[in-house]
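S.K.: Here is a sequence together with a model predicted from it:
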Amino acid sequence: MSKRARLVGINHVALEVEDLGAALEFYGAVFEFELRGRIPGMAFLDMGDQFLALSEGRSQPADGDRHFGLVVDDLEVARAALTEAGAELLPGRGLDFRDPWGNHIQVVDYRRIQFTKSPAVAAGMGVDGLEKTEEALAELRDKGLG
């Protein structure tokens, strides 16, 4: 077998939205973020060493099971903000929602998952005080990563 590149992370995810201004307003009401940049038809929401790209021009129906996960510092604060913003919360064991343009997004708490920011990135983002749960630490240890 030939050599293959190892998957090491996700740099960004791009979401199609109908109206970029309305999308920035919606996501700004739900999440705290810095705007990394903006070009005609696109905006980039900074997440430290990653970003979320919003692209104007939704061309597909609402997502069903297809989704991706965003990591937050406080799941219950996110749930309250989503409720207040009128987001469509989806049934299930976690916190899933559909944005006004039909994008299906799952929200997970940083403390409960294996995903880990480097100490420098976490400090720069102001999330360096978040402690992983024992379950998340055990998953990391089981993989030889913690």
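M.R.: It's in.

S.K.: Break down this protein into its helices, ranges please.
M.R.: Taking DSSP state H to define them, one finds helices in the chain at 20-30, 75-84, 119-125, 134-142.

S.K.: how far is the longest one from where the chain is centred?
M.R.: Averaged C-alpha coordinates place helix 20-30 at 14 Å from its chain's average position (CA atoms, centre = their mean, to the nearest Å).

S.K.: What is that helix packed up against?
M.R.: strand 42-46, strand 51-56, helix 75-84 (3 or more CB pairs under 8 Å, 6 or more residues apart in numbering; DSSP states H and E). Quick note: C-beta positions are derived from backbone N, CA and C, even for glycine.

S.K.: would CSV of the ones you listed with distance to V30 and mean pLDDT be doable?
M.R.: Output for these, formatted as CSV (distance: least, CB to CB, whole Å; pLDDT from 0 to 100):
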stretch, distance to V30, mean pLDDT
strand 42-46, 11, 97
strand 51-56, 12, 97
helix 75-84, 5, 97
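
S.K.: how about these, which one is nearest I113?
M.R.: helix 75-84 (10.7 Å; CB to CB).

S.K.: That closest one - contacts with which helices or strands?
M.R.: helix 20-30, strand 88-90, strand 95-98, strand 104-109.

S.K.: so which of the ones you listed comes closest to E135?
M.R.: That would be, of the helices and strands packed on helix 75-84 and by CB to CB, strand 104-109, which comes in at 11.5 Å.

S.K.: Buried residues of that closest one, list them for me.
M.R.: Under the neighbour-count criterion of 16 or more other CB atoms under 10 Å, strand 104-109 has H104, I105, V107, V108, D109 buried.

S.K.: Relative to the whole chain's centre, how far out is it?
M.R.: 6 Å.

S.K.: What strands flank it, and is each parallel or antiparallel?
M.R.: Using DSSP bridges, the strands paired with strand 104-109 in its sheet are strand 68-72 (parallel), strand 95-98 (antiparallel).
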